[in-house]
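[1] model this:
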Amino acid sequence: MIVIAICDDDVAVIGKLEQCIMDLTDAFKVEAFTSGVALCAAMDEGRYFDLIFMDIEMENGDGITTGRLLREKYGHDSTLLIYVSSHTQYHGRLFDVQPFNFIQKPIDELEFARILKQAVTKIKSGNEIFTVKKGHEFFNVKKRDIICLESKGHNMLLSLYRGEKIKYRGVFKDETAKLNNSFFVQSHAAFIVNINHAASFHGTHMLMDNGSHVPVSRQRAKDVKRAFMYLGEA
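    Numbers count the residues shown, from 1 in each chain. Below is the predicted model:
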């Protein structure tokens, strides 16, 4: 089940968002918080949310600060963050927290439905499982947790966002075929990367959100740049 948090200090807005979600489906679990502090308290207890609708201007923990804590303190890199605000002047300050989208108040129901459907598609894709066979052992990894897959001859090196690495035997072409989500892009003859974990694009390489560098070949730079720019516009 997809778990959604709404964080806004205006209860009328919370009610509006809850109704918009329920008009589409009742298959989600929706929880409401009236401040960034309250949302952080839930995450302190180990709670995880697939999607958060966040106001920006709140007295008790503003949305930008809470977004930074979401990424940096709690490490919830795969949570989709959608800001809901009437203040568009904050756009330039939102880049660091990698929001999925921005919804302007007052809320347009058709636009909200379109963005929510996009988010759900992305969440479901990220929850898909990538199975790795290492010797006689099998490992199930959520695709959203993959930073990149590197080919080293007949050995594959799978890097995960919490720092784990899994080395196993395989054929790169066969393994990349399993990573058919729209957010995976081949950046180099020996690398396929999860564009959701790309912090910056530098032409010849990408800096990932775990601090690692992934090479980008000249032949693939255009496609990688397009995928990275689309992520910023999603």
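
[2] gap between the residue lying farthest from the centre of the chain and Ala113?
    The outermost residue of the chain, judged against the average C-alpha position, is His136 (32.0 Å), by C-alpha atoms, centre = their mean. His136 is 47 Å from Ala113, where distance means C-beta to C-beta, to the nearest Å. Every C-beta, even on glycine, is put in place using the N, C-alpha and C of the backbone.

[3] quick one: distance of stretch 57-71 to the chain centre.
    17 Å (C-alpha atoms, centre = their mean, to the nearest Å).

[4] give me the three-state assignment for the spatially most central residue of the chain.
    Centrality entry for the chain: nearest residue to the mean C-alpha point is Ser78, 3.6 Å, by C-alpha atoms, centre = their mean. Recorded secondary structure, Ser78: coil (DSSP: H, G, I helix; E, B strand; the rest coil).

[5] try the one 5 residues further on
    Reducing the assignment to helix, strand or coil with three-state DSSP, the entry for Tyr83 is strand.

[6] give me phi/psi at the nearest residue to it once chain neighbours are set aside?
    Excluding the flanking residues, the one nearest Tyr83 by C-beta to C-beta, 6 or more residues apart in numbering is Phe102, at 5.0 Å. Note on Phe102: its backbone torsions stand at phi -140, psi 130 [degrees, to the nearest 10].

[7] packing partners for the worst-scoring helix or strand of the chain on mean pLDDT?
    None of the helices or strands of the chain scores lower by mean pLDDT, DSSP states H and E than helix 221-233, at a mean of 80. Secondary-structure packing of helix 221-233 (3 or more C-beta pairs under 8 Å, 6 or more residues apart in numbering; DSSP states H and E): strand 184-188, strand 198-201.

[8] out of these, which is closest to His87?
    strand 198-201 (25.3 Å; C-beta to C-beta).

[9] show the subsequent helix or strand relative to the closest one.
    strand 205-208 (DSSP states H and E).

[10] contacts for that next one?
    The contact list for strand 205-208 (C-beta atoms under 8 Å, 6 or more residues apart in numbering) reads 147-148, 187, 193, 197-200, 213-216, 224, 228.

[11] so which helix or strand takes in Gly15?
    Going by DSSP H and E, Gly15 is part of helix 11-24.

[12] give me the residues contacting the very next helix or strand once past that helix.
    Using DSSP H and E, the next helix or strand after helix 11-24 towards the C-terminus is strand 29-33. Contacts of strand 29-33 with the rest of the structure, by C-beta under 8 Å, 6+ apart, involve 1-8, 14, 18, 21-22, 39, 42, 49.

[13] please apply the same query to stretch 134-141.
    129-132, 158, 160, 166-169.

[14] apply 6 Å and report the result again.
    Residues outside stretch 134-141 that contact it (C-beta atoms under 6 Å, 6 or more residues apart in numbering): 129-132, 168.

[15] then stretch 209-219?
    In contact with stretch 209-219 (C-beta under 6 Å, 6+ apart) are residues 77, 147-148, 161, 187-188, 191, 193, 197, 199, 204-206, 224.

[16] any chance of those in a markdown table, plus neighbour count and distance to Thr121?
    As requested, the contacts of stretch 209-219 are arranged in a markdown table below (neighbours: other C-beta atoms under 10 Å; distance: C-beta to C-beta, whole Å):
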| residue | neighbour count | distance to Thr121 |
| --- | --- | --- |
| Asp77 | 18 | 18 |
| Ile147 | 24 | 22 |
| Cys148 | 23 | 22 |
| Tyr161 | 19 | 21 |
| Ser187 | 25 | 23 |
| His188 | 20 | 27 |
| Phe191 | 21 | 25 |
| Val193 | 29 | 20 |
| His197 | 24 | 18 |
| Ala199 | 14 | 23 |
| Thr204 | 11 | 31 |
| His205 | 17 | 29 |
| Met206 | 25 | 24 |
| Val224 | 23 | 22 |
